[in-house]
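Return a 3D structure for these sequence lines:
(one chain, ligands or ions: 1)
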Amino acid sequence: MLAQNKNKITGETSVIMSYDGKLLADIIKNVHRHLRKELRKTGDTNSVWTNHCRNVALLETYASSMHQLASKHWEQLRVNNPATSRINWTWSFLLYYFFNGGLEIQRQKSGSNTDWPKLMLKESKISVLDVGSCYNPFGEFEELDVLSIDLCPALESVYQCDFLQVAIGKKIAIDGSRVTCLATNHFHCIVFSFLLEYFPASSQRWTCCEKAQKLLAEEGLLIIITPDSKAAHSNSKVMKSWREALAAIGLKRIKYEKLQHAHCMAFRKISVHSEITCEEREILASKMYIPQDFHCPSDSETEDKDDIKFSEAELAEGFTHLPMLTD
Ligand SMILES: C[S@@+](CC[C@H](N)C(=O)[O-])C[C@H]1O[C@@H](n2cnc3c(N)ncnc32)[C@H](O)[C@@H]1O
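All right, here's what the predicted structure looks like:
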């Protein structure tokens with residue numbers, strides 16, 4: 001499946017992805033590309049998204065490709081090198097924050113006299129909403145009580161739900177395999193792992209963040225993981241822009257770490273923010289940009305030609321050379 005290739009000079013091991021792996025990665029890349037192209041063509045975010053959601057065959061192919069890529073090509077590498085894993089990073093930060101003093105440190109740091117309500121953990125589990133879960137990667141952790149949702153789940157343990165469209169109310173509502181309503185101020189943690197880059201428009205990324213803010217319990221965490229194989233500073237403007245936007249709705253960034261192939265961030269819900277105006281919303285939404293928003297279509301067409309080789313770590317958390325932050 002994976003061919004190892006050791007560089008004689010640097011000693012670094014790289015892996016040449018099998019034809020099978022390359023095909024799976026291409027399927028994922030092409031879906032993202034297609035969405036961006038459609039948006040450029042029409043400029044109509046809603047109709048592009050509606051058409052996309054109707055294309056069930058495409059969504060199912062994406063789901064199964066993503067699942068296979070993760071379980072066949074990345075899993076063994078995550079086990080070999082846990083430090084590169086976005087999944088492990090999220091899990092260990094949640095344990096630190098909720099069980100090992102992180103939350104108390106943040107309360108002290110906030111320096112205010114606010115009497116923060118104590119987060120009550122249900123049966124000592126952290127309630128997590130994993131948005132865009134695909135194959136339920138957090139389901140394995142016993143400390144987490146995970147509700148996994150996806151536009152098109154790859155596994156039965158993941159509920160079908162379009163996070164952009166789902167209603168928000170007082171109680172979670174589930175209809176068979178679909179989540180139809182999510183509850184405000186409910187979750188200790190919401191995870192967007194490799195989710196935001198899927199959307200072709202920054203307004204959609206912003207809608208997700210605003211929804212997360214409403215669904216989180218006070219002092220809860222929004223975890224955002226975004227792929228990037230470059231050095232931390234190379235996309236620091238993007239990360240700063242996201243930080244500023246989220247701070248404006250009471251989501252304060254308390255942790256940032258650059259893993260080899262991803263930016264990992266934790267935002268703490270510090271307040272129930274007041275409503276924002278339409279103008280403010282537009283400005284804040286534009287801050288949720290990603291570099292691909294500004295690429296012209298021809299950039300991504302040339303991208304494929306040189307993406308056959310992957311380093312082992314790249315495959316482990318594998319969106320390097322996929323068109324997320326790199327095309
Ligand atoms: C790149 S995969 C990431 C999977 C997983 N979170 C991970 O870290 O490996 C992005 C996932 O987001 C899902 N997704 C995209 N838009 C969504 C939406 N509006 N609501 C729920 N899930 C969505 C896709 O179906 C896809 O499974």
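
where does the single nearest residue of the stretch 1-150 of the chain relative to the ligand fall, phi/psi-wise?
With Cβ to the nearest ligand atom as the measure, Gly132 is the residue of the stretch 1-150 of the chain nearest to the ligand, at 2.6 Å. Where you see a C-beta, it was placed from the backbone N, CA and C, and this is true even at glycine. Per-residue torsions, Gly132: phi 70, psi 40 (degrees, to the nearest 10).

can you list the residues of this protein near the ligand?
Proximity of the chain to the ligand (Cβ under 6 Å from any ligand atom) is limited to residues 63, 66, 70, 131-134, 137, 149-152, 161-164, 193-195, 198.

Just those: which are in helices?
Of the residues of the chain next to the ligand, the ones assigned to helices by DSSP state H are Ala63, Met66.

Spell out for me the ChimeraX command that would select the buried members of the residues of the chain next to the ligand.
The buried residues among these can be selected in ChimeraX (16 or more other Cβ atoms under 10 Å) with this line:
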select :63,66,70,131,132,133,134,137,149,150,151,152,161,163,164,193,194,195,198
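
So which of the residues of the chain next to the ligand are in strands?
With DSSP state E as the criterion, strands contain Val131, Ile149, Asp150, Ser193 from among the residues of the chain next to the ligand.

got JSON lines for the residues you listed, with distance to Ser110 and pLDDT too?
Formatted as JSON lines, those follow (distance: Cβ to Cβ, whole Å; pLDDT from 0 to 100):
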{"residue": "Val131", "distance to Ser110": "27", "pLDDT": "98"}
{"residue": "Ile149", "distance to Ser110": "31", "pLDDT": "98"}
{"residue": "Asp150", "distance to Ser110": "34", "pLDDT": "98"}
{"residue": "Ser193", "distance to Ser110": "27", "pLDDT": "96"}
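
Of those, which pair is most distant in space?
Maximum pairwise distance among these (Cβ to Cβ): 12.5 Å, between Ile149 and Ser193.

overlap in contacts of those two?
Both Ile149 and Ser193 are contacted by Asp130, Gly132, under the criterion Cβ atoms under 8 Å, 6 or more residues apart in numbering.

Confirm that Arg253 sits in a strand.
Yes. Judged by DSSP: H, G, I helix; E, B strand; the rest coil, Arg253 forms part of a strand.

Name the residues linked to it by a beta bridge.
Beta bridges link Arg253 to Phe267, judged by DSSP bridges.

Surely it touches Ala245?
No. Between Arg253 and Ala245 there is no contact, the gap being 10.6 Å when judged by Cβ atoms under 8 Å.

In terms of neighbours, single out the busier of the two.
Higher neighbour count among Arg253 and Ala245: Ala245, with 21 against 18, using other Cβ atoms under 10 Å.

how far away is the residue nearest to Leu151 when sequence neighbours are not counted from Lys211?
Spatial nearest neighbour of Leu151, chain neighbours left out: Asp162 (5.4 Å); criterion: Cβ to Cβ, 6 or more residues apart in numbering. Counting by Cβ to Cβ, to the nearest Å, the separation of Asp162 from Lys211 is 11 Å.

Check Val158 too.
18 Å.

In terms of distance to Lys37, which of the ones in strands among the residues of the chain next to the ligand ranks first?
Relative to Lys37, the closest of those is Asp150; by Cβ to Cβ it sits at 23.0 Å.

for the closest one, what are its contacts?
Ala63, Val131, Gly132, Ser133, Cys134, Val158, Tyr159, Gln160, Cys161.

go with 10 Å
With contacts defined as Cβ atoms under 10 Å, 6 or more residues apart in numbering, Asp150 is in contact with 59, 63, 66, 130-136, 158-163, 179, 195.

Trp206 now?
Applying Cβ under 10 Å, 6+ apart, we find Trp206 in contact with 196, 199, 242, 245-246, 249, 281-282, 284-288.
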